[in-house]
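Q: Quick one: sequence and predicted model below, then my questions.
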Amino acid sequence: MIQGTTTTKPFPWTGLFVLSALIFTSVTSEFLPTGLLPDIARDLKVSESQVGLLITIFAATVVVSAAPLATLTRRFPRKHLVITVLFIFIIANVGAAVAPTYELLAAARILGGLAHGLFWAVVGGYTGYLVPKKQLGRAVAITAGGGTAAFILGVPVGTALGHAVGWRLAFAAIAVVILALTLVAGRLLPHVDRHVEVLATGEIPLPLRRDKTVPGVVLICLTVVLLMLGHNIFYTYIAPFLISPVGVDASAVAGVLFLYGGAGAIGLALAGFLADRFPRAGLVGALVLVAISVLVIGLYPTMPVIVIGTMVIWSIAFGGAPAMLQTRMLHTASPRIRDVASAYLTTSFNIAIGGGAAIGALLLDRTDITVLPFVDVAITLAAIVVFLIGDGIVRRRLAAR
């Protein structure tokens, strides 16, 4: 008598770490101009504000193109699409490295933005094809770690390299790293089986907007916009806030931000646990802790010990929130709209990043910098209310179906 055996698909560590490394280079490439802003401006003989617009141009391109490109390419094999997008990244970074004028550098950033939007649409959903739903939180925490590492390590190292050998060689180095990772991805990134809708005879395919999971996806995107909008209104200007009114020496700001980034990594690790076991309570709890932390910072802006200590708590709470929202999106979106949903999620992030920085700038021109944390708190509380009310409505609608 032969006994039956049960096989369990092993956890795809290799594929997830490859995706994490790709995300690391993508985020580093996106924000590299921020650290090299004076160098680029001096070399191309333009103002620093014009160079700052390269980040806005990049984000705006992602906002405009991510969802349409995801829809157009949703029938392409996922792995082949990732490899194609990586080659476009390489071309964009090489173009930035050799651009003789500001206009050509902007064109290279637009090309990079097109690749970035499609990259996140594909990679955002890729994790959902590699693991079962019960392991999504853990898997997303691993891949999202690449983005966290980019802020802690990638952008600072890229900045230091640019200062040492020139900003052009910094972009060239990113292109070389992406090329190496492209070869690794071609060999190690697993192919994924995507859900293919099989229609019965005479059945008419419904448009994606009629999918029953769309309201849940819209709710997550709206929550992301509010949360990240409030965060970027304040955090975009955290360096001048730390210098005055907090009183941190300008030379010590980088150390404080490094501490903040490290605490965010702890929050990301906790998100991997909470997102799978307590998806709703974990997310709401993290957002409430974000609001309380920022409120304390706003109430005691002239007390460095309180501000810096509370920034650690703020970063732990906030560090896992985006990963938990991405996990919830993968849980919510049906397989047929998962990639398009990922595109709208990255669009939401980029709208909030650009919009938050712009609103923060307007507030700085009209009020004092100490107002910014209170605006952040108000918008974060709005995000919590919208999520709780919207989640209740979505649950009732799904139960009614």
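A: Received it, and whenever you're ready, just let me know what you need.

Q: now the strand or helix carrying G354, how far from the chain's geometric center?
A: Taking DSSP states H and E as the criterion, G354 maps to helix 338-366. Averaging C-alpha positions (C-alpha atoms, centre = their mean, to the nearest Å) puts helix 338-366 11 Å from its chain's average.

Q: mind listing what's buried in it?
A: By neighbour count on 16 or more other C-beta atoms under 10 Å, the buried set for helix 338-366 is 338-357, 359-360, 363-364. For the C-beta atoms, the positions are set from N, CA and C on the backbone; glycine is no exception.

Q: Output the lowest mean pLDDT helix or strand found in this structure.
A: Least confident helix or strand, the chain: helix 155-165 with a mean of 80, by mean pLDDT, DSSP states H and E.

Q: Against which helices or strands is it packed?
A: Contact analysis of helix 155-165 by 3 or more C-beta pairs under 8 Å, 6 or more residues apart in numbering; DSSP states H and E lists helix 13-35, helix 167-188 as its packing neighbours.

Q: for those, which one sits closest to L118?
A: helix 13-35 (10.9 Å; C-beta to C-beta).

Q: got the buried residues for that closest one?
A: 15-33, 35.

Q: one step back: least reliable of the helices and strands packed on helix 155-165 going by mean pLDDT?
A: Mean pLDDT values for those show the minimum at helix 13-35, a mean of 87.

Q: For the next helix or strand after that one, give the mean pLDDT please.
A: Next helix or strand after helix 13-35 toward the C-terminus (DSSP H and E): helix 37-44. Averaging pLDDT along helix 37-44 gives 85.

Q: Then stretch 108-124?
A: 90.

Q: Also stretch 332-345?
A: 86.

Q: And it, how far out from the chain middle?
A: On C-alpha atoms, centre = their mean, the centre of stretch 332-345 falls 15 Å from the chain's centre.

Q: Show residues contacting it.
A: 66-67, 69-71, 74, 78, 117-118, 120-125, 128, 194-195, 197, 208, 211-214, 216-217, 220-221, 224, 325-326, 329-330 (C-beta atoms under 8 Å, 6 or more residues apart in numbering).

Q: Give me the buried entries from those.
A: 66-67, 69-70, 74, 78, 117-118, 120-125, 128, 194, 211, 213-214, 216-217, 220-221, 224, 325-326, 329-330.

Q: Filter those down to just the ones in strands.
A: Assigned to strands by DSSP state E, none of the buried ones among the contacts of stretch 332-345 qualify.

Q: Residue ranges in this protein under the pLDDT threshold?
A: 1-8, 35, 49, 193-209, 401 (pLDDT under 70).

Q: number of nearby residues for the closest residue to I316 other than its chain neighbours?
A: Excluding its sequence neighbours, the residue lying closest to I316 (C-beta to C-beta, 6 or more residues apart in numbering) is G267, at 4.1 Å. Each residue near G267 was counted by other C-beta atoms under 10 Å, and the total is 27.

Q: G267 and P322 touch, don't they?
A: No - contact between G267 and P322 fails when scored by C-beta atoms under 8 Å: they sit 9.8 Å apart.

Q: Please list all residues in contact with A291.
A: Going by C-beta under 8 Å, 6+ apart, the list of residues near A291 reads 377, 380-381, 384.

Q: and what of A317?
A: Here A317 is in contact with 267, 286-287, 289-290, 293 (criterion: C-beta under 8 Å, 6+ apart).

Q: Just send the residues you listed back as TSV, with secondary structure and distance to A175 too.
A: Formatted as TSV, those follow (DSSP: H, G, I helix; E, B strand; the rest coil; distance: C-beta to C-beta, whole Å):
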residue	secondary structure	distance to A175
G267	helix	31
A286	helix	36
L287	helix	38
L289	helix	39
V290	helix	36
S293	helix	38
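
Q: and which of these is nearest P245?
A: Nearest to P245 among the contacts of A317, with distances taken as C-beta to C-beta, is S293, at 17.4 Å.

Q: Contact partners for T34?
A: Contacts of T34 (C-beta under 8 Å, 6+ apart): 52, 55, 155.

Q: So which of those residues wins on neighbours?
A: Result: V155 is most packed of those (other C-beta under 10 Å), 22 neighbours.

Q: Chain neighbours aside, what residue packs nearest to that one?
A: Distance criterion C-beta to C-beta, 6+ apart; nearest residue to V155, sequence neighbours excluded, is F31 at 5.1 Å.

Q: Please tell me how far that neighbour sits from A352.
A: 15 Å (C-beta to C-beta, to the nearest Å).

Q: quick revisit: pull out the buried residues from the least confident helix or strand of the chain.
A: Buried residues in helix 155-165 (16+ other C-beta under 10 Å): 155-156, 158-159, 161-162.

Q: Next: stretch 367-386.
A: 369-373, 375-377, 379-381, 383-384, 386.

Q: okay if I get those as a markdown table plus distance to A149 and secondary structure?
A: Converted to a markdown table, the buried residues of stretch 367-386 look like this (distance: C-beta to C-beta, whole Å; DSSP: H, G, I helix; E, B strand; the rest coil):
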| residue | distance to A149 | secondary structure |
| --- | --- | --- |
| I369 | 29 | helix |
| T370 | 32 | helix |
| V371 | 32 | helix |
| L372 | 27 | helix |
| P373 | 27 | helix |
| V375 | 29 | helix |
| D376 | 25 | helix |
| V377 | 28 | helix |
| I379 | 27 | helix |
| T380 | 25 | helix |
| L381 | 30 | helix |
| A383 | 26 | helix |
| I384 | 28 | helix |
| V386 | 30 | helix |
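
Q: Closest to P301 out of the residues you listed?
A: T370 (5.2 Å).

Q: check contacts around that closest one.
A: 241, 245, 298, 301.

Q: Just the buried ones out of those residues, please.
A: 241, 298, 301.

Q: Would you reformat the residues you listed as TSV and include distance to A170?
A: As requested, these are exported to TSV (distance: C-beta to C-beta, whole Å):
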residue	distance to A170
F241	28
G298	36
P301	35
